[in-house]
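# sequence unknown, structure follows:
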């Protein structure tokens, strides 16, 4: 939920996550978090994360920023050449995915892997060695049974940076039982029809919880103790995960409520992008209150470090 932050160590206990709140009831949860719970639990359609929603004004603003950046470096031939090279590389990647992706993916049994946007903290540093997402796809390819596929989809917001070029997708498409999904294929449908998901630290793991889908997590993040989480660090872990997936997963409502209730208990009502004053006001955050809440969070972090 935008407008809320969490101090990681508030909800950890000696490296074990979410050990503080249990037996949460719906009436114990604040309205914003209960609304989120209902939205994800009761919706049959895909709910796009807020950070992937761009209004017309946002798109115009972003385009203007790109024009200004280009003008700034227009007098520097080396920079312009590099930008043009990256744009050419992105077109080649997009063309390869379009040509080699499968539209009728849902006819197969598959584990859905929505690639991370890069560069970003979700993979570096939180993904560790698996910041190279090829390693995840390769491990899954080696471990899945013959009748299960690995469905890989590029992040729709991925720009010219990030290192996932045409060669990356050529390499993973040549792996055993790996299929590519079109970049702009409905992620909700891919999640709904999958038997599990795989990610470093992505929001898709959180979304999968509400669909009672196993989530193979290769990184270290707040999602590691989702009730549907399966931690994978080694080849043996991955093989064990396949056995767990084949057995099936049933989550009860209490497990989901406990997770949401813990987040709700340890939240800070604040927005770290402090220049977004209009957003703050629309979410009941006065800029002065926002700064005070951020300050409280930072002081709590300092106190924790001093202990």
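Okay, I see it. Because the structure is a prediction, the values reported are computed rather than measured.
# show me how far stretch 242-257 is from its chain's centre.
20 Å (CA atoms, centre = their mean, to the nearest Å).
# what's the first-to-last distance across that stretch?
26 Å (CA to CA, to the nearest Å).
# now stretch 131-141: buried residues?
131, 132, 133, 136, 137, 138, 139, 140, 141 (16 or more other CB atoms under 10 Å). The way it works is simple: take the backbone N, C-alpha and C, and place the C-beta from them, glycine included.
# just the residues contacting that stretch, thanks.
111, 113, 115-116, 118, 123-125, 127, 129-130, 150, 152, 164, 168, 171-172, 175-178, 198, 200, 216, 218, 232, 235, 238 (CB atoms under 8 Å, 6 or more residues apart in numbering).
# and the residues you listed, which of them are buried?
Looks like the contacts of stretch 131-141 have 111, 113, 115-116, 118, 123, 127, 130, 150, 152, 164, 168, 172, 175, 177-178, 198, 200, 216, 218, 232, 238 buried, using 16+ other CB under 10 Å.
# the residue nearest to residue 183 when sequence neighbours are not counted: what's it in contact with?
Spatially, and ignoring its direct neighbours in sequence, residue 183 is nearest to residue 154 (4.6 Å; CB to CB, 6 or more residues apart in numbering). By CB under 8 Å, 6+ apart, residue 154 lies in contact with 93, 97, 115, 164, 169, 183.
# for residue 154, what are phi and psi?
phi -70, psi 150 (degrees, to the nearest 10).
# thinking again about what came up before, just the contacts of stretch 131-141: which are in helices?
168, 171, 172, 235, 238 (DSSP state H).
# columns pLDDT and distance to residue 190 on top of those, output as TSV?
Converted to TSV, those look like this (pLDDT from 0 to 100; distance: CB to CB, whole Å):
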residue	pLDDT	distance to residue 190
168	96	20
171	97	21
172	97	16
235	96	25
238	98	20
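# quick one, longest helix in this protein?
Max-length helix for the chain by DSSP H is helix 77-100.
# that one: how far from the chain's middle?
25 Å.
# start the count at 48 instead of 1 going forward.
Right, with 48 as the first residue, what we last looked at is helix 124-147.
# out of the ones in helices among the contacts of stretch 178-188, give me the two with the largest separation.
Pairwise distances across the ones in helices among the contacts of stretch 178-188 peak at 21.2 Å for 215 and 282 (criterion: CB to CB).
# show me where the stretch 248-354 of the chain has its helices.
251-257, 282-294, 300-312, 324-329, 334-353 (DSSP state H, counting those that start in this stretch).
# residue 127 is nearest to which of those helices?
Of all these, it is helix 324-329 that lies closest to residue 127, at 34.4 Å by CB to CB.
# any idea of the mean pLDDT in the closest one?
Averaging pLDDT along helix 324-329 yields 60.
# and what of stretch 166-184?
Stretch 166-184 shows a mean pLDDT of 94.
# how many residues are close by the residue lying closest to residue 312 once chain neighbours are set aside?
Spatial nearest neighbour of residue 312, chain neighbours left out: residue 68 (5.3 Å); criterion: CB to CB, 6+ apart. Look at residue 68: counted by other CB atoms under 10 Å, it has 18 neighbours.
# the one 5 residues further on now?
The tally of other residues near residue 73 (other CB under 10 Å) stands at 12.
# make sure it is actually in contact with residue 81.
Yes. Counting by CB atoms under 8 Å, residue 81 is a contact partner of residue 73 at 6.3 Å.
# quick check: neighbours shared by the two?
Contacts common to residue 73 and residue 81, judged by CB under 8 Å, 6+ apart, are absent.
# coming back round to it: and the buried residues of stretch 178-188 as JSON lines, adding secondary structure and distance to residue 120?
Converted to JSON lines, the buried residues of stretch 178-188 look like this (DSSP: H, G, I helix; E, B strand; the rest coil; distance: CB to CB, whole Å):
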{"residue": "178", "secondary structure": "helix", "distance to residue 120": "28"}
{"residue": "179", "secondary structure": "coil", "distance to residue 120": "29"}
{"residue": "180", "secondary structure": "helix", "distance to residue 120": "29"}
{"residue": "183", "secondary structure": "helix", "distance to residue 120": "35"}
{"residue": "184", "secondary structure": "helix", "distance to residue 120": "34"}
{"residue": "185", "secondary structure": "helix", "distance to residue 120": "37"}
{"residue": "186", "secondary structure": "helix", "distance to residue 120": "40"}
{"residue": "187", "secondary structure": "helix", "distance to residue 120": "40"}
{"residue": "188", "secondary structure": "helix", "distance to residue 120": "40"}
